[in-house]
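**Student:** Let's see this in three dimensions:
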Amino acid sequence: MLSGRLDTVPFPFIGANVPEGHQGQSVQGMSQGSILSKLKSGFHKQGIPWGFNADHQPIGGKFDSREDKLAEGCALASYITFDLSPELAQTKPLETPEARAAYVEREIPAALIQLLEKELKQLGLTVSDDKRNELLAYVWPSMQKMQRRDAKYRAVRERLFTTPIGRAYYRELSIDELPGLTAPETTAVMLLLCRALEMPVQYIAPAFGFQKNFPYPDNAKLRDLIGATWKVCRDLGVSIGFHSGSGKSAENYRVMGEVTGGRFEIKTSGRYTYEMGVALSASKNADDQKLWRDWYQFTREMALAGAFSADTTEQKMARSFHCRCVDL
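**Tutor:** Numbering: from 1, shown residues only. Below you'll find the model as predicted:
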């Protein structure tokens, strides 16, 4: 962690890059360690299915050169979250309707556009040609790379496993990195694209305006936002993933469950990280104490750098997190 080899991943919506650990690059070691712990505890004798998510696997950008290793490392995961943000961060939006229309006509098969139009109408959704082209022109490079990565995930499993259950995995698409709140139409287009490209997803994570470790302040608004998205997801047989789920209120969680009928996922990694820190700090083991000191130093330096960043978005977000920690 402190050896200077930790890479970063762009998160433009918070105005900063984040350490690559968030992107699950250590998923291979973590999965092997988890399996060994289950074997040691005798969990495997209980007959209870167990699995885990290879969280936020980075698609595109500088990770193009590493995707074979990433695919190999995810071989034991029961489902995989595809994170398009590395490719989106380097994709420049086209400025004019004419440029967007020309790109879509040139790059995207006409049959796929016709299929999207037909399926959107079946869902009762209307998207203007320019809004559709704006989204497609922005996400198409990352969707092509997602398709390539998905093929690598499948190939690794076909090589390593012989049974259908061994080769199977769920897919989750994270789109909360797209700018702004995610409209139902955007959710629909992304789900339909995945299906048309033969990589249907079982979970999708739109942006509802959540902030990490903060409750959502307006439950009525949250109910409306989730409800509009849930109608699309329900009609397409997909569950909602609520990212940045740590620190939400009991009322927030109740709204999520009531609107979706229990068909949802909550990511709570922030809370687990906090509990890990508590456990390390209280441990009498010398190695645990060393890890705690290293981790605390690393976290403190990163928090201070964010709070005094020249980027106003990063500075605002970092200071809001600090204020929340003080309140706690």
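
**Student:** Please report how far the spatially most central residue of the chain lies from Ala303.
**Tutor:** Centroid-nearest residue in the chain: Ser174, 3.8 Å away (criterion: CA atoms, centre = their mean). Ser174 sits 24 Å away from Ala303, going by CB to CB, to the nearest Å. C-beta: built from backbone N, CA, C; applies to glycine.

**Student:** Val189 and Leu39, how far apart?
**Tutor:** Distance from Val189 to Leu39, by CB to CB: 44 Å.

**Student:** What ranges does the stretch 1-150 of the chain have for its helices?
**Tutor:** In the stretch 1-150 of the chain, the helices defined using DSSP state H, counting those that start in this stretch lie at 27-41, 67-73, 85-89, 97-107, 110-122, 129-160.

**Student:** which helices and strands does the fourth one pack with?
**Tutor:** Contact partners of helix 97-107 among helices and strands, from 3 or more CB pairs under 8 Å, 6 or more residues apart in numbering; DSSP states H and E: helix 129-160.

**Student:** what do you get if the cut-off is 10 Å, keeping everything else the same?
**Tutor:** Packing partners of helix 97-107 (3 or more CB pairs under 10 Å, 6 or more residues apart in numbering; DSSP states H and E): helix 110-122, helix 129-160.

**Student:** pLDDT below threshold where in the stretch 1-150 of the chain?
**Tutor:** 1-6, 9-15, 19-26 (pLDDT under 70).

**Student:** go with 90
**Tutor:** For the stretch 1-150 of the chain, applying pLDDT under 90 flags the ranges 1-38, 44, 47-56, 58, 61-63, 66, 69-70, 73, 85-86, 89.

**Student:** How far does stretch 58-72 stretch from one end to the other?
**Tutor:** 14 Å (CA to CA, to the nearest Å).

**Student:** Over to stretch 169-180?
**Tutor:** 30 Å.

**Student:** Pull out the buried residues from it.
**Tutor:** Using 16 or more other CB atoms under 10 Å as the test for burial, stretch 169-180 gives 169-178.

**Student:** TSV please, covering those and showing secondary structure, pLDDT and distance to Asn133.
**Tutor:** Shown next, in TSV, are the buried residues of stretch 169-180 (DSSP: H, G, I helix; E, B strand; the rest coil; pLDDT from 0 to 100; distance: CB to CB, whole Å):
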residue	secondary structure	pLDDT	distance to Asn133
Tyr169	coil	96	32
Tyr170	strand	96	31
Arg171	strand	97	25
Glu172	strand	97	26
Leu173	strand	96	20
Ser174	strand	92	23
Ile175	coil	91	18
Asp176	coil	85	22
Glu177	coil	78	20
Leu178	coil	81	15
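
**Student:** for the residues you listed, which one is nearest Ala207?
**Tutor:** Of all the buried residues of stretch 169-180, Asp176 has the smallest distance to Ala207: 3.9 Å, by CB to CB.

**Student:** For Leu112, see how far away that closest one is.
**Tutor:** From Asp176 to Leu112 the distance is 24 Å (CB to CB).

**Student:** Please apply the same query to Tyr296.
**Tutor:** Tyr296 is 50 Å from Leu112, by CB to CB.

**Student:** neighbour-wise, which of these two wins?
**Tutor:** Leu112 (16 against 13; other CB atoms under 10 Å).
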